[in-house]
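# Could you work out the structure for the sequence below:
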Amino acid sequence: MNILPNLAQILPTLDSETLYDLSSSLTENQQRSKEWLMTMVSWFSEETRPVVMILGGWYGSYIVPMCMKELNPSKIIFIDKDQKVISLAKRLHHYSSTHVKFEYMCCDIETNINRINSIYADVVLNTSCEHMFDMSNVENTNPDCLYAFQSCDNKEDPGHINTVASSKELLKQSGFTEELYDSFIPLNHKNRYMVIGTKRIINS
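Below is the predicted model:
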């Protein structure tokens, strides 16, 4: 699969700082993490054309095209707090805009959580949980929403304010009422953890 078919046209237009940052989103570790995520989410997602919300999307370099391939979404709601990142993400995803509706939101997830929680989604993805508060704060209006979260144990990055030491610890942060999957993969100097579940009201 050609991940970003218009990337060659975009690269010459970028300044060195942006180019370096974008290249960080295109590493082998990033690819492995997103492939793992989308493979597992496709197993559990029951919707044929889901509305997908991506929290802390960064450039969406891998997750957006892989989401398109694995889930065939009707809409992608892409959220990041950096307007510069959002602007470039729009350019990167432009090639696929005729196949799915995109909605971009530039906002801080923590300070806008009520607004974010009020937006309907069938699937909510976050591969940047180490950068923000516990995902127990995220609860979509759709009671059948599927959630998939990734975090890591790398404490060396100053932006990693909420790392975990295991997938079980990430489960505790997630607020699931139904736990569907938890595991990890080793990635060089860190471990990447992933959990999938729902927040359905379980009748006892």
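
# switch to C-alpha atoms for all contacts and neighbour counts from now on
Fine.

# Look up phi and psi at Cys145.
Phi and psi for Cys145, reported as degrees, to the nearest 10, are phi -60, psi 140.

# Isn't it up against Lys199?
Yes. At 7.4 Å, Cys145 counts as touching Lys199 under the criterion of CA atoms under 8 Å.

# list the contacts for Val51?
With contact set as CA atoms under 8 Å, 6 or more residues apart in numbering, Val51 has these partners: Pro73, Ser74, Lys75, Ile76, Ile77, Tyr120, Ala121, Asp122, Val123.

# ok, what's across the strand from the residue nearest in space to the middle of the chain?
Nearest to the mean C-alpha position of the chain, by CA atoms, centre = their mean, lies Asn126 at 3.4 Å. The partner list for Asn126 in beta bridges (DSSP bridges) reads Leu55, Phe149.

# how much space between it and Asp134?
Using CA to CA, to the nearest Å, Asn126 is found at 11 Å from Asp134.

# swap in Pro158?
According to CA to CA, Pro158 stands 17 Å off from Asp134.

# Regarding the chain, what is its longest helix?
The longest helix of the chain (DSSP state H) is helix 28-44.

# tell me the mean pLDDT over that helix?
The average of the pLDDT scores along helix 28-44 is 97.

# Outside of that helix itself, list whatever touches it.
The contact list for helix 28-44 (CA under 8 Å, 6+ apart) reads Tyr62, Ile63, Met66, Cys67, Glu70, Leu71, Leu146, Ala148, Leu187, Arg192, Met194, Ile196.

# same deal with stretch 194-204?
Residues from elsewhere that reach stretch 194-204 (CA under 8 Å, 6+ apart): 37, 41, 139, 143-151, 167, 170-171, 175-184.

# residues near Arg91, how many?
13 (other CA atoms under 10 Å).

# Please name the nearest non-neighbouring residue to it.
Ile10 (7.8 Å; CA to CA, 6 or more residues apart in numbering).

# can you confirm that neighbour is in a helix?
Yes. The assignment for Ile10 by DSSP: H, G, I helix; E, B strand; the rest coil puts it in a helix.

# Please report the distance of it from Tyr95.
Separation of Ile10 from Tyr95 (CA to CA): 12 Å.

# Pro158 and Asp134: who's more crowded?
Shown here are Pro158 and Asp134; by other CA under 10 Å, Asp134 has more neighbours (17 against 8).

# secondary structure element for the closest residue to that one other than its chain neighbours?
In space, and not counting its chain neighbours, Asp134 is closest to Gln173: 5.0 Å by CA to CA, 6+ apart. Assignment of secondary structure by DSSP states H and E places Gln173 within helix 167-174.

# So which elements touch that helix?
The contact analysis (3 or more CA pairs under 8 Å, 6 or more residues apart in numbering; DSSP states H and E) places helix 167-174 against strand 178-187, strand 190-198.

# now do 6 Å
For helix 167-174, not one helix or strand is in contact under the criterion 3 or more CA pairs under 6 Å, 6 or more residues apart in numbering; DSSP states H and E.

# residues making contact with that helix?
Asp134, Met135, Ser136, Asp182, Ser183, Tyr193 (CA atoms under 6 Å, 6 or more residues apart in numbering).
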